[in-house]
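Engineer: I'd like to go over a predicted model; first the sequence, then the structure.
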Amino acid sequence: MKSVFMQNVISHYSGKAGGLPVMFLFNLLILLGVSCRKVEPKWDAEILTPLLKSELNVSDLVQDSSLLTDSNNVLQFVYRQSLYNIAVDSLFQINDTVRARTFTIDSLSLYNATATYPITLGAICLQAGFIGAIIISQNGSSIAIPAIPSFNTPAFEINADSLFTSMTLDQGKIDVGFKNELPIDITDVKFELRNQSDNALIVSGNFPLIKSKTSEKQTFLLDGKTLEGKLKAQLISFSSPGSNNVPVLIDTSNAIVAELKVYDLFPNTATAVWPEQNLVNQQQNFYLRGLNVQLKEAIIKSGKIRLRMFSTIQDSVKLTYTIPGGTKNGVPFEIYQVLPPAPPGGASEYQNDFDFSGYHVDFTGQTKDSFNAIFNTYLMKIDYSGVKKTFSKSDNFRLELGFVGIKPSYARGYLNMDTFKIGPSTITTDVFNDLNGVIKFEDVKMSVGLENNIGADAEFYLSQIKAVNSRNQTSLDLTGDILNRPLSIDRAKDNNGFPPVVPSVHNFYLNKSNSNLNEFVSLLPDQLDYSLEIRTNPKGNVSNFQDFIYDGKLLNVDLLLEAPLNFSASGMQLCRELEMDLSQDRLEQIQGGNLFLNVDNGVPIDCRLTLALINPVDGTSIPLINGNQIIQAAEIDAFGKVTQPKSSVIKIELSRSLIDEILRTKKVKVCAVFDTKPADKAVKIYSDYKINFSLTGDFIYRAE
């Protein structure tokens, strides 16, 4: 507010040379501030604020892991995909195999036993009547002994129950012998051997003549006989021709010595004191049935041998199970286990799993000329205990023996002539997901690589491979001269059964001259459908069982696509979502303004930019730039390469409501849509091509 006085003063001084003195003006301002102060003024201010800065890099067109650069720094799209791997489990599997075997007792053997029983002349004479009395009366004298008529003797007891109570024999022998120590011959010696309890006859025999001072023996079989520990023997008849009128010295202590010897006793059942002996001693092959290859040897990576054992014998049984051809550090695999005595009428039992990993196994069997056969030995024995126990050949041992979870780390043999059909199978891929629109690649190359680490010849047959773009529901079958025909694969080599493995590597190529590969890749598939076959040993067992396979060393089938980013495009889109920097103070005081999108296009393709706010809740968008603005392509030199980016600025007017949306969302999505001109002209894309952009806000603040 200015008074009339002050206006006149100012007008007065303004017309004079030098204008108003400085001191005067200073004092005047103080005066005005004191005398004319009103409410503090309000004003609008424009402030330019950076909101974000970023770039769209052409390497973002596909996943970074799929991009390489060539020697000229041109981006190369590279796509690798494994189609199939033949591993050990693919060729064959050793199934869990547990087999039960019942072993009967091979034989039971008992101790041999010998008993001698002297029959003195005096005892004989007591049974010989009057003549016998005469002979006894002449003891110590020499007389001619007259003929002695036939007579019998009382039965005498043979006690062997310290060795056995009873035994029923499958086989056995008894020797019955007489040693004649008398001065006269004896004739017509008939004898019997019977059980005491039931008087059952065991053996009987006849010695027609046993000369003086000589011995005679006869052997009798005891097969099928049941003997008791207490027996009785008897001379049924006994006679002598006398001394033939020749005087002989009479000594009534002279005797006929009867000797009984039982031996080679193999009972079917017996209650006896048993000597140490093998009850089962068998050797046999364990065949891996159902195995579709013919193994000669293998090294076991992992797995177990499962053993379960039952015994009905009433004594401790020692089992030794051995695989002579399964060795680890030169030592054969062996299980030693003591099975406790079975209870009467029952069975004892034992079960355990034994680690078989690391063992080198010979699968040629006992005679070394077989395959898929493991040679086994079983030994079951008992020790001497000194105690009578009842055993029977009807007692048995039951073994459940098998291989569980066996996986080899190496195998050799004949891997068979087999066909592996793979597919129809589908591979999903997202490497093209960031590409859209219509793109035509110019010089795509594809190779099907086969690395054979298996010691077997093979044939590869690729019957179909189809590109499928599920986004636009299109598909295309690949055609080319490597499809639908057998491709030979040589076998790998090793060092005579030892690593390292030298693989056989084969690559089969397709390109634009021998296939429709450019169109195949330009479909931008997100799915590959394929079918293939691998045939092992198509010519049979040409290696004579020298095929091999190592765990982790596979037959790999890989697909490799290489495409220089030299293409034409229509509607190809490259996008990025970004956070805006809204950290400035007094954002609530923004009244209006403009956004400026500054673009430096380093790509030699025109593009249309879109810019949209992204709703953080539901993902919906609010467009800020609709894509009608053309960002001009960067200029290229005579060599077709960009030397300097092309700069452009797009202005966006802001309303209060749009400002509120910016403050609420804080996230934008920037997209560049590319179209090559002319549409079918291919453009090379180098690794350093990019579009730089920044977003600034020229805001009007209302200050108070």
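Structural biologist: Structure received.

Engineer: Backbone torsions only: list them for residue 665.
Structural biologist: phi -90, psi -50 (degrees, to the nearest 10).

Engineer: isn't it right next to residue 618, touching?
Structural biologist: No. If you go by Cβ atoms under 8 Å, residue 665 and residue 618 don't touch, sitting 11.1 Å apart. (C-beta placed from N, C-alpha, C; glycine too.)

Engineer: Tell me which of those two has more neighbours.
Structural biologist: Neighbours per residue (other Cβ atoms under 10 Å) separate residue 665 from residue 618, with residue 665 holding more: 20 against 7.

Engineer: Skip the chain neighbours and tell me the closest residue to that one.
Structural biologist: Distances taken as Cβ to Cβ, 6 or more residues apart in numbering place residue 613 nearest to residue 665, at 4.6 Å, with adjacent residues excluded.

Engineer: So which other helices or strands are in contact with the one helix or strand that neighbour maps to?
Structural biologist: In the assignment (DSSP states H and E), residue 613 maps to strand 606-614. Applying 3 or more Cβ pairs under 8 Å, 6 or more residues apart in numbering; DSSP states H and E, we find strand 606-614 packed against strand 590-601, strand 621-631, strand 646-654, helix 656-665, strand 667-675, strand 690-703.

Engineer: Only C-alpha atoms, please: export the fifth one in CSV.
Structural biologist: Put plainly, it is strand 667-675. The C-alpha coordinates for strand 667-675 follow below in CSV (Å, rounded to 0.1, in the frame of the first residue of the first chain):
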residue,chain,number,x,y,z
LYS,A,667,5.1,-47.8,-10.2
VAL,A,668,5.1,-47.4,-13.9
LYS,A,669,5.5,-49.8,-16.9
VAL,A,670,7.5,-48.6,-19.9
CYS,A,671,7.2,-50.5,-23.2
ALA,A,672,8.9,-50.0,-26.5
VAL,A,673,7.2,-51.5,-29.6
PHE,A,674,9.5,-52.0,-32.5
ASP,A,675,8.8,-52.2,-36.2
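
Engineer: That strand - what's its average pLDDT?
Structural biologist: For strand 667-675, the mean pLDDT works out to 83.

Engineer: Which strands or helices does that strand pack on?
Structural biologist: Going by 3+ Cβ pairs under 8 Å, 6+ apart, strand 667-675 lies up against strand 43-57, strand 566-579, strand 606-614, strand 621-631, strand 690-703.

Engineer: one step back: residues in contact with the residue nearest to residue 665?
Structural biologist: 621, 622, 624, 661, 662, 665, 667, 668 (Cβ atoms under 8 Å, 6 or more residues apart in numbering).

Engineer: Most widely separated two among those?
Structural biologist: Using Cβ to Cβ, the contacts of residue 613 span at most 12.9 Å, a distance reached by 621 and 662.

Engineer: Residue 135 - that's part of a helix, no?
Structural biologist: Yes. Counting by DSSP: H, G, I helix; E, B strand; the rest coil, residue 135 falls inside a helix.

Engineer: and the gap between it and residue 242?
Structural biologist: As for residue 135, its distance to residue 242 is 10 Å (criterion: Cβ to Cβ, to the nearest Å).

Engineer: what residues are shared contacts of those two?
Structural biologist: Here residue 135 and residue 242 have residue 145 as joint contacts, going by Cβ under 8 Å, 6+ apart.

Engineer: So which of those two has more stuff around it?
Structural biologist: It is residue 135, of residue 135 and residue 242, that has more neighbours when counted by other Cβ under 10 Å, with 22 against 17.

Engineer: and the nearest residue to that one once chain neighbours are set aside, backbone torsions?
Structural biologist: Once flanking residues are discounted, residue 135 sits nearest to residue 125: 4.9 Å by Cβ to Cβ, 6+ apart. Main-chain dihedrals, residue 125, degrees, to the nearest 10: phi -60, psi -30.

Engineer: Test my guess that residue 125 contacts residue 138.
Structural biologist: No. Between residue 125 and residue 138 there is no contact under Cβ under 8 Å: 10.2 Å.

Engineer: Which one's more surrounded, the two?
Structural biologist: Comparing residue 125 with residue 138 by other Cβ under 10 Å, the one with more neighbours is residue 125, at 21 against 15.

Engineer: Ok, which of the helices and strands packed on strand 667-675 comes nearest residue 292?
Structural biologist: It is, among the helices and strands packed on strand 667-675 and with distance given as Cβ to Cβ, strand 566-579, at 48.5 Å.

Engineer: Compile the helices and strands packed on strand 606-614 into a markdown table and extend it with columns for distance to residue 193.
Structural biologist: Listed next are these as a markdown table, based on distance: least, Cβ to Cβ, whole Å:
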| stretch | distance to residue 193 |
| --- | --- |
| strand 590-601 | 123 |
| strand 621-631 | 115 |
| strand 646-654 | 127 |
| helix 656-665 | 117 |
| strand 667-675 | 113 |
| strand 690-703 | 115 |
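
Engineer: ranking these by burial, who's on top?
Structural biologist: strand 667-675 (a mean of 21; mean count of other Cβ atoms under 10 Å).

Engineer: After it, which helix or strand is next?
Structural biologist: Per DSSP H and E, strand 667-675 leads on to strand 683-684 as the next helix or strand towards the C-terminus.

Engineer: just checking, what packs against that following strand?
Structural biologist: strand 566-579.

Engineer: Give the other helices and strands that the helix or strand hosting residue 352 contacts.
Structural biologist: Secondary structure from DSSP H and E places residue 352 in strand 348-355. Packing contacts for strand 348-355, counted by 3+ Cβ pairs under 8 Å, 6+ apart, involve strand 294-311, strand 331-339.

Engineer: partners of it, with directions?
Structural biologist: strand 294-311 (antiparallel) (DSSP bridges).

Engineer: send the alpha carbons of the strand it pairs with over as CSV?
Structural biologist: What follows is strand 294-311 as a C-alpha-only set of coordinates in CSV (Å, rounded to 0.1, in the frame of the first residue of the first chain):
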residue,chain,number,x,y,z
GLN,A,294,23.6,-110.0,-19.9
LEU,A,295,26.1,-108.9,-17.3
LYS,A,296,29.6,-110.3,-16.9
GLU,A,297,30.7,-108.0,-14.1
ALA,A,298,29.7,-104.9,-12.1
ILE,A,299,30.8,-102.6,-9.4
ILE,A,300,28.0,-101.9,-6.9
LYS,A,301,27.3,-98.3,-6.1
SER,A,302,24.7,-98.9,-3.5
GLY,A,303,22.5,-101.7,-2.2
LYS,A,304,22.2,-104.4,0.4
ILE,A,305,22.1,-108.2,0.7
ARG,A,306,19.1,-109.3,2.8
LEU,A,307,19.4,-112.4,4.8
ARG,A,308,16.7,-114.1,6.8
MET,A,309,17.3,-117.5,8.4
PHE,A,310,15.2,-120.1,10.1
SER,A,311,16.3,-123.3,11.8
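
Engineer: buried ones in it?
Structural biologist: 294-301, 303-311 (16 or more other Cβ atoms under 10 Å).

Engineer: Thanks a lot, see you next time.
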